[in-house]
Every structure is written in structure tokens, then in C-alpha cells.
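Colleague: generate coordinates for the sequence data below:
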Amino acid sequence: MKAFILTIFISLSLSYSGWAQTCQFNEVFVYQSAIEKSDELKIAKLQQKEFETNKGQLDAMYDGQLDARISHQIDKSDRVISVFGTRTDTTQFQTQYSKYFDLGLSLQTGFRQTREKTNGPFATINPAFNSIWFGQLNIPLLQSLERNNDILRNSYTVAIDGVSLETHYAQMQIGFQALQTYMLWLQAKKEIELAEQALDRAQKYDQTTQRLYKNGLVEKSSYFAAQSNVSMRKEDVLATRNRFETIDRDLKHLLKVDFQTECSNEDIHQASNFTKDQYLEYANRRLDIQALDKKIESAEIELSAYRKELLPNLEAFTRLEVNNVDGSLGDAFGSSLSTDHTNWSVGGQFSMPFGKSLAKTKVERGKIQIETLSLEKDKTKREIKRDILNAWNDWDMLNQRITQMNQTVTFEDQKIKSTKKEYDLGRESFLTLLIFEQDFVQIKRKLLALETEQRVQKLLLALLSGIEPIQERP
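Modeller: As a prediction, this is how the structure comes out:
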């Protein structure tokens, strides 16, 4: 019984290990998987995330800050000689909270506690405690560091949007490369079928040639030529299979599919048709063009911040303190928030830099950057238009060539069939049939290559125009 169970277990294990993993390719799967599995894109997204985190350096100015300070001072400065004079001991503790806000506003508020005791040569003054609550608000009226920081934060936010658009267009490029490989994969798979069909015909020709040779209807050269043709067709099948396996590994590598997985394919989904003018119109909104617009906008915002550095700085402030002085710490602190002892001040401060070399350098650098980006945008748009027109002409020409080639295939097929009938009757040489057959195989492969190139050109038109080349199927 144990031996029987063990046998069943081993059989099931071997059967399970023999099961091959399978997958099914289609344009949507290839496009989306290439984007999801792309290491290059993952690196780009991490770099984008790192770029976004750098904004925290500008946000750091708006983080609140709490400071605390304690000190003890011994003052003997009014003594004429070491024996006579006074000694003042002052102990002070202060805590302060500072916060910057948008538009350059800043606030400082806190509490300060002071203990002061004076010892003289003939008398000692009891310690006095001073508890003070204070607050100060600064309001910029002209250029200020904090206000410029707001502008730079806005500039950085726009720049982040531009990087995001660039990353999205990079996704489309990666998806296109995978689809291009997939089209070559389909072509290589079809070439195997064509090679096997040619081999099947060659074997049938060989059988016919052997029969005719036995009946003395063909020469010995035709007999060996038929066998040589079979051998060449077998070699061709091996070559096409090897080419398919190479492209198959390339595609599976892009999609992170195990190399041992057996993959089939669905029928090709016909892409949407657009006119040449529609492709050109869509190109004006291409993501990398939008990214350049964001870069220009970011540089212009940044330039406005640098120009403000050329202006003088004018700031208004107001400060309020409430306090209480008492010989008891508890009494001093307890009554410190009363309005009996207030100290309120308002004022302003003005500063103007001279020379301004650094600010002028920043302004000039900003102008150059904007001009460079604008030229790059114009250059890119011209290149896009040129590439779309070239791709459209190629696609249109491929359509015409495919139509003509289909007619050629039809005529060649009829020619092969007619020649085969004549050969079967011994009224046509095998050499003629062999030449016609080789021409027929090459023409069908050429047609297959043209159809593949046509699909790739259609995908390229979508990529150049910024259109998602593959949409979800209904």
C-alpha cells in the first residue's frame, strides 16, 4: 500500500513539474507591462521623488522654532578698587517661539524671567524678580528674504510639474519600444510559419521529382536539386526559429516574463486612425512640450524673485511686552499678564544694498536660462513637425507598397500553381519551378516585413504626436 501511494505521489510530482507556465501577449499587456516593469522608469520615478523632496529645503523656512536660553551674570564693573563697590548677580531664563508665514510675515513670541540681586559694601538689596511676556510681528513692505522664498517655492512647484510630465512621456517611449519589439516578435513568429510552409512544399516537390525521375521524365540534376531545396528549407526553418527565440527572449526580458514561459498572442488590435493634420495638432500638446512650458514658467517665476533682490528692503514691526516686578517669584509670575505694566512699540527699518553684483548675476543667469529653454522648445517643435511629416510619408508609402505587394503575391501564387501543374506533367523544368518558389518565399517575407514596418510607423506617429499608442480594449 505504501509503495502504491509513493508511486502515485512521484507520478503527480513529475506531472506537476512538467506543467509549463503560459502567457498571452497583446498590445495592451505588452505596453502596460513594459511600463510597470521598467527598471529605467523606476529609477526615473525615484529621481523625480528625490527632486520633489528637495522642496523641503525651501519649506524649512516656515517650520516653527523653539529656543530656550539660560544665563547667570556677575557684574563688578562699577568697583574702583576690589574692596569697595557693588556686585550685581543676574540670572535670566528665556524661551522664544519663532515662525515665518507666507508673504514674508514673521512672528516671535515668548517668556523671559529675570532674577537680579545687588550686594554693596554696606547693604544688600533683596533679589527682584521680573516676569515678561513678549511678542513681535514683522511685516515686509518691500522685498524680503521670506517673500522671495515664497516665490522660489512656487517656482519649484512648477518645476516639479514639469519633471512629472517628462516622466509620463518617458513612459510612452518605453511602451513604444516594447511594442516595437512585440511587432518584430509577431513577424518572427509568422516567418516560422512561412518557412515551414515552404518546407512542406519543398518536400512535396521532392516527392514529385522522385516519381518523375523514376519514370525518366526529369534529369538527375533535377532529382538532386529537389533534395537540395528540401535541405535549404530545413536550414531556413532552423534559422527563423533561432531568430524568433532571440526576439522572444528580448521581449520577455522587457516584460520581466520568465524565459521558460510559453507565450501565445491575440489578434492585432487596429489602432485608431488620425489624419496628418490631427497628428500635427496633437503634437502641440505633447507632454515634453508641456514640460518645457513648465520649465520656462518656473524660470520666469525664479527670475522675478531675483529681480526683487535688486530692490531695497522696507519692513514695519510692532512689539508688545507685559511684565511684573516683585520680590517674590510667584507674585511676579502670577501678575505678569496684567495690563498694568505694558511696553508697546512700533517702528520700521530700511536697508538698501550697494553694488548688487550677486543679484545682477542671478538676473542675467535667469534671462539666459529662459532664452535657452525657449530656443529648445522652438527647436523641439520643429523637429517634431519634421518627424511627423516623415513618419506620415513613410506610413502612406508603406500602405501603397503593401497594396501593390498583395497583388504581386496573388500573381506569384497563380504563377507557382500553373508552373507546378506543368512540372507534374513533365512539361516544365524543376529549375524554373525552384526559381519561382524562391521568389515567392522572398516576396511573402517582404510583404510581412512591410506590414510590420507599417504597424511600427503607426505607433511611431502616435508617440511623436503625444497620443497614447495603446488604449484599453472595450
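Colleague: the helices in the stretch 51-200 of the chain, which residues?
Modeller: 56-59, 145-214 (DSSP state H, counting those that start in this stretch).
Colleague: what does the shortest one contact?
Modeller: Around helix 56-59, the neighbours that count as contacts under CB atoms under 8 Å, 6 or more residues apart in numbering are 149, 152, 153, 156. The way it works is simple: take the backbone N, C-alpha and C, and place the C-beta from them, glycine included.
Colleague: can you list the domains in the protein?
Modeller: Using automatic domain parsing, the domains assigned to the chain come out as 22-54+152-297+368-465, 69-141+313-351.
Colleague: those: lowest mean pLDDT?
Modeller: Sorting those by mean pLDDT places domain 69-141+313-351 lowest, at a mean of 81.
Colleague: how far away from the center of its chain is it?
Modeller: From the chain centre to the centre of domain 69-141+313-351 is a distance of 55 Å (CA atoms, centre = their mean, to the nearest Å).
Colleague: tell me where the stretch 201-350 of the chain has strands.
Modeller: Using DSSP state E, counting those that start in this stretch, the strands of the stretch 201-350 of the chain run over residues 262-265, 313-326, 342-351.
Colleague: who does the first one touch, helix- and strand-wise?
Modeller: It stands for strand 262-265. Helices and strands touching strand 262-265, by 3 or more CB pairs under 8 Å, 6 or more residues apart in numbering; DSSP states H and E, are strand 22-25, helix 145-214.
Colleague: give me the distance between it and the centre of its chain.
Modeller: In this view, strand 262-265 has its centroid 30 Å away from the chain centroid, taken as CA atoms, centre = their mean.
Colleague: each with direction, which strands does that strand pair with?
Modeller: Take DSSP bridges as the rule and strand 262-265 pairs in its sheet with strand 22-25 (parallel).
Colleague: please pull up the helix or strand immediately following the partner strand.
Modeller: Once the chain leaves strand 22-25, the next helix or strand it forms, by DSSP states H and E, is helix 27-37.
Colleague: then that following helix to CSV, C-alphas only?
Modeller: Extracted C-alpha coordinates of helix 27-37, given in CSV (Å, rounded to 0.1, in the frame of the first residue of the first chain):
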residue,chain,number,x,y,z
GLU,A,27,-0.7,45.2,-27.3
VAL,A,28,-2.3,46.3,-24.1
PHE,A,29,-0.4,43.7,-22.0
VAL,A,30,2.9,44.5,-23.6
TYR,A,31,2.5,48.2,-23.3
GLN,A,32,1.4,48.3,-19.7
SER,A,33,3.8,45.6,-18.5
ALA,A,34,6.8,47.3,-20.1
ILE,A,35,5.9,50.5,-18.2
GLU,A,36,5.2,48.7,-14.9
LYS,A,37,8.3,46.5,-15.0
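Colleague: by how many degrees do the host helix or strand of residue 44 and helix 145-214 diverge?
Modeller: For residue 44, the element it lies in under DSSP H and E is helix 39-53. Relative orientation of helix 39-53 versus helix 145-214 (axes from the mean of the first three to the mean of the last three CA atoms, to 10 degrees): 170 degrees.
Colleague: which neighbouring elements make contact with helix 39-53?
Modeller: Here helix 39-53 touches helix 145-214, going by 3+ CB pairs under 8 Å, 6+ apart.
Colleague: mind giving me the packing neighbours of the helix it packs on?
Modeller: When contacts are defined as 3+ CB pairs under 8 Å, 6+ apart, helix 145-214 packs onto helix 27-37, helix 39-53, helix 56-59, helix 220-255, strand 262-265, helix 287-308, helix 357-424, helix 430-465.
Colleague: now that helix against helix 287-308, angle please.
Modeller: Counting by the same axes, to 10 degrees, helix 145-214 lies at 160 degrees to helix 287-308.
Colleague: report the distance from helix 145-214 to the chain centre.
Modeller: Distance, centroid of helix 145-214 to centroid of chain: 19 Å (CA atoms, centre = their mean).
Colleague: residue nearest the centroid of the chain?
Modeller: The centroid of the chain falls nearest to residue 167 when counting by CA atoms, centre = their mean (2.3 Å).
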